[in-house]
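>>> Task: produce atomic coordinates for the following.
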Amino acid sequence: MLPGTRRPVRSAHAALLVLLLLPLAAGRVAAQAPSAVPPFDTSRVYASEAAFQQAIQPYQAAITANPANARAHYWLGVAYFHAYRLWRAGLAPYAAGYLPRAIASLREAVQRDPAWLSAYLVLHDALFMAERHDEAARVLQTYLDRTRPAARP
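Model (predicted):
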């Protein structure tokens, strides 16, 4: 607690947790280095399909080289989903049909790495945007079922 307050200092606990988990995360990143792909830049508006195709080329090449690369499937799905959202905002006229591609890529990422929360969350959002609400709910339930610790007697 801070002097003169009755609330515990949660930020100190969070900082300690980050410091404790950082070596584990660094080890996981190092273990994945051979299949590493750069993150997709969702801050950009890809005004032409040619620019978008150039942006997703690293993910397509990584998938061709290693179809089991969950990260490449994930970032390709994120890219398609981003382009689809830009289309809905009137900024990417070429991306009307990209939502099914996003869902397919994100499903592949989830299949390849069943414990990866980010892939489940983006897949959920894509399914929800496709108005497949029951399926979106099942995706989150599947993640919980796969990652929840076994019950103790």
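>>> lowest-confidence helix or strand of this protein?
Each helix and strand of the chain was given a mean pLDDT (mean pLDDT, DSSP states H and E); the minimum falls on helix 10-31 at a mean of 39.
>>> which stretches of the protein have low pLDDT?
For the chain, the stretches with pLDDT under 70 are 1-35, 151-153.
>>> show me where it has helices.
Remark: helices assigned in the chain by DSSP state H are 10-31, 49-65, 70-88, 98-112, 117-129, 133-147.
>>> Name the residues that touch the last one?
The set of residues that contact helix 133-147 without belonging to it, under Cβ atoms under 8 Å, 6 or more residues apart in numbering, is 110, 114-115, 117, 120, 123-125, 127-128. C-beta coordinates here come from the backbone N, C-alpha and C atoms, glycine included.
>>> Could you identify the pair within those that is furthest apart?
Ala115 and Phe128 (21.5 Å; Cβ to Cβ).
>>> between the two, which one's more packed in?
Phe128 (14 against 10; other Cβ atoms under 10 Å).
>>> number of nearby residues for the nearest residue to the more buried one once chain neighbours are set aside?
Distance criterion Cβ to Cβ, 6 or more residues apart in numbering; nearest residue to Phe128, sequence neighbours excluded, is Ala136 at 4.4 Å. By other Cβ under 10 Å, the residues close to Ala136 number 18.
>>> likewise Glu108?
22.
>>> Please apply the same query to the one 5 residues further on.
Neighbouring residues of Asp113 were enumerated by other Cβ under 10 Å; the total is 19.
>>> OK, contacts around Trp37?
No, residue 37 isn't Trp; it's Val. So Val37 contacts 58-59, 62, 69, 71-72, 75 (Cβ under 8 Å, 6+ apart).
>>> Look up the closest residue to Leu117, ignoring the ones flanking it.
That would be Tyr143: by Cβ to Cβ, 6+ apart, it lies 6.7 Å from Leu117.
>>> got it, and Gln60?
Leu76 (6.8 Å).
>>> Same question for Val45.
Using Cβ to Cβ, 6+ apart, the closest residue to Val45 is Leu91 (5.3 Å).
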